[in-house]
Each structure stands twice: as C-alpha cells, then as structure tokens.
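A.B. asks: Task: produce atomic coordinates for the following.
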Amino acid sequence: MSVTARPRAASAPAGKTEPAAAKRAGSGNHWIRKADADQTRASFPELFFDLVFVFALVQLAKTLATDFGPTALAEAALLILAIWWIWIHTTWVTNLLDTEQDPVRLMLFLLMFGGILLAIALPGAFADHGFAFAMIYCSMQIGRSVFMLFAYRRVDAASFRTFLRITLWLVLASLFWLVGSQMETTARIALWSVALLIEYLAPALRYYLPGLGRSAPETLDVSGKHMAERCALFVIICLGETILTTGRNAAEHMTDDMTFAVFCSAFLSTGFMWWIYFHHGQEKAADKAEATSKPEALSLNLFTYGHLPIVSGVILTAVGEDFSLSHAEEESTMKTALAVLGGPALFLAGNIWIKLAAARQFPISHVVGLAGLAAAGTLFAVAANYHLQFLATTILFVVAIWEYLALRGASASTA
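C.D. replies: Numbers count the residues shown, from 1 in each chain. Next up is the predicted model:
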C-alpha cells in the first residue's frame, strides 16, 4: 500500500525549523501516530483486532475441506485474497495511526464487527450470502479509507490526496464486487477476480488516477519492525488455526487406528513450518525493512505481497491435514495430494521470496523441499492419504534441519 506519510522522525538540521506539516501533526489531529512514538511493537487494540481472523480462517478452512473441487478452489483463492487484503491494509493504516486514541480504537472495533459478519457470510459467499459478503467487504475497505481522509484533513495535504486516490480505487473495485454478487457462480468468480485485480494492482501503480496523478514513491515513514511483527503475528494466527483444525478433526476420528499417527505428523508439520519461518526469515525481514533506504517499496514487497503465499500455504496445509485425518487410509487422489502437498509447497515458495528479498540468500534447502514435494505428488495414484501426509512432514523436517545446519555452519565459519 503506497501512501504518503506523517513527517519522518529525523530531527531538522540546526538552524532550520520543522516542516509545517510536522508542526500541524503535533498540535492538530491527534489520530496520527507522533513521529517520536514507539512503532516497533503491536498494540493491544491491534492484537484484539487480529482475533477476528481466527474465526475467518477457521470458516475458510472448513469451507475448503467440505468441497475441494476446481470451482471451490478458485472460490477459496478469491476469499483468501480478500481476507488478506483487508488485514494487510488495516496493518498499513495502524502503522500510521495512534491506536491509543479513542476514535482509532472505535474504528478498529467497527472493523472487528464487520470482520465477524464477513466470516459468518464467508461459507455462502458464492451462494445465498454473496451480496452480504460483498457489502460488508466493501464497507470495511472504503470505511477505513474514509477514516484516514478525516485523520489527515488539515494535517498533510499530500497524504490526504493519497487517501483520496485510495478511496476512489476502492470505490471502483466495489462496483465489481457488488455487481458480481448478483451473478451466477461463473460470472461472480470473473467479476470478483476483476475487483481483486484492481485492488492488488493499485499499490503497484501508486494509485494513479487521471487528474490526480499518482502518489510519490518513498513518502511513507514505515516502521519495518512494526510491519514485520504484525505479519509474523498473522502467520502465528494461521498456524494456530491449523492446530485448532487438526485437534478438532483428530478428536472426531480418534477411533481410527491411524488417526493418532496422522495427528502427530500434522502437529509436527505445523511445528516445522513455524521453525522454517521464524528461525531465520522473519528476523532478517524485520532487520532489512528497518535498515533499508526504501522502506515503503521493501515493505510492499516483503509484507504486502511477499507474505501472501506463506499465509495461503498454511491455510491449504490445514485443509490437507483435514483430509489426512478424516480419510487417513483411503487411496489418495489428485485433489487430496494438491492440498496435502500443495500447502507446504506454497509455504516454501513464499519463504524463498522473503529470504531472497531480505537476506539475499538463496535457500537451497527450500528448493530441494519443493522438488521433493513435487516428486511425492506423482505417487498419489499408489499411495494412501496418510502416506502423503507422512511424506510432507518428512520433507518439511529435512528443510528445517538442513537450513538450521547450513546457517549454523555459516555462522561458525565467519566467527
């Protein structure tokens, strides 16, 4: 999300006064986070807001596990994109705002309420609840952007114009959301795809509009540590949702002799994914975002777009583990193999992106893991679901231990 920011924290050179916008931000609208405020930690209102997405992700995983055909997979992809876009846009906004201010907290609480309604409508988004889902989604997106217009009024004209551009782009996308909600499934998928394409392209185009131009690059005083922590917390939410889904399904099928072994495998998979992301990549991403001279562009790459395959991979992994637990000894199909092996593959692909961008290190272990998952996928015709689950867990373990030993060796050689 490319937006013009509050004044930067750097002090003015000797003999020069602060920019006028900085003075106004300090004495005028108190909704904007002050330049000297601590931006490295997530606030309690932000953490409270995140709780809504546990429910949304559980709903999404449950919907996917119920129907995992080609059409359902396309629908789920759109829903994942929509959920992520709401969350990451709100994260960019809270990077700018002072979440200790009552109006900001009220805005977050309203978004929470909208998020719960969105999650309730989610299973029927491509059925009877399409209009409700579209209305709630558009209201959350546009409402949050309009709030930022009020936050920046008479504070920073450039930032105000940027959020005006953002609002107009969201209004354009909302037309496709609302019209699509009135169509049959195929047309709805097509129109909602256009809506999401508009929203995802807008930051890359810096919200260009005829007559208004585009937002200037690198005008946002981004806190890399804050963005990194917020995205890491969302990854934890997704991993926690996987644990919850796995535990629920295991409890329902524990009478099966194979269930306990599959449950242990699924639990270990989640642990290995946590290790792969948090042991090295997340810290490097935070350091890179904090040290770079182009924080806005890097944050867009690392967090807004870069974390999407990681989040999608964790959600798809939860669906695959659902299949493995509920139909452990059944012969696998291409559909179940796609979930069981495709989730870890997406997760590893996202980590390759993050680690390349953050540390300029090519994680060979991850590429080998992707090759191993692809090879395991060729066995779906002769393997049971639990075989694929065990293979996925083993491959994630190999990737985790390989990277750990490689990093330890590199650290020892430079000591």
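A.B. asks: Where does pLDDT dip in the protein?
C.D. replies: Applying pLDDT under 70 to the chain flags the ranges 1-29, 35-40, 219-222, 414-415.
A.B. asks: Can you give me the domain assignment for it?
C.D. replies: Taking automatic domain parsing as the reference, the chain has its domains at 40-204, 224-408.
A.B. asks: of all these, which lies closest to Gly211?
C.D. replies: In terms of Cβ to Cβ, the element of these nearest to Gly211 is domain 40-204, at 10.3 Å. Just so you know, the C-beta spots here come from the backbone N, C-alpha and C atoms, and that holds for glycine as well.
A.B. asks: and stretch 188-202, how far out from the chain's middle?
C.D. replies: 17 Å (Cα atoms, centre = their mean, to the nearest Å).
A.B. asks: Dump it to CSV, keeping only the CA atoms.
C.D. replies: Below are the C-alpha coordinates for stretch 188-202, written out as CSV (Å, rounded to 0.1, in the frame of the first residue of the first chain):
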residue,chain,number,x,y,z
ARG,A,188,-19.4,-13.9,-9.9
ILE,A,189,-15.9,-15.5,-9.9
ALA,A,190,-15.0,-13.5,-13.0
LEU,A,191,-16.2,-10.1,-11.7
TRP,A,192,-14.8,-10.6,-8.2
SER,A,193,-11.5,-11.6,-9.8
VAL,A,194,-11.5,-8.2,-11.6
ALA,A,195,-12.3,-6.4,-8.3
LEU,A,196,-9.3,-8.1,-6.6
LEU,A,197,-7.1,-7.4,-9.6
ILE,A,198,-7.9,-3.7,-9.3
GLU,A,199,-7.2,-3.7,-5.6
TYR,A,200,-3.9,-5.6,-5.9
LEU,A,201,-2.6,-3.6,-8.8
ALA,A,202,-3.5,-0.2,-7.3
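A.B. asks: Buried residues, it. List them.
C.D. replies: Arg188, Ile189, Leu191, Trp192, Ser193, Val194, Ala195, Leu196, Ile198, Glu199, Tyr200, Ala202 (16 or more other Cβ atoms under 10 Å).
A.B. asks: can I get the domains of the chain in JSON lines with distance to Glu218?
C.D. replies: As requested, the domains of the chain are exported to JSON lines (distance: least, Cβ to Cβ, whole Å):
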{"stretch": "domain 40-204", "distance to Glu218": "13"}
{"stretch": "domain 224-408", "distance to Glu218": "5"}
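A.B. asks: For Ile32, find the nearest of those.
C.D. replies: domain 40-204 (6.0 Å).
A.B. asks: quick one: the helices in the stretch 301-415 of the chain?
C.D. replies: 308-326, 334-359, 364-377, 385-414 (DSSP state H, counting those that start in this stretch).
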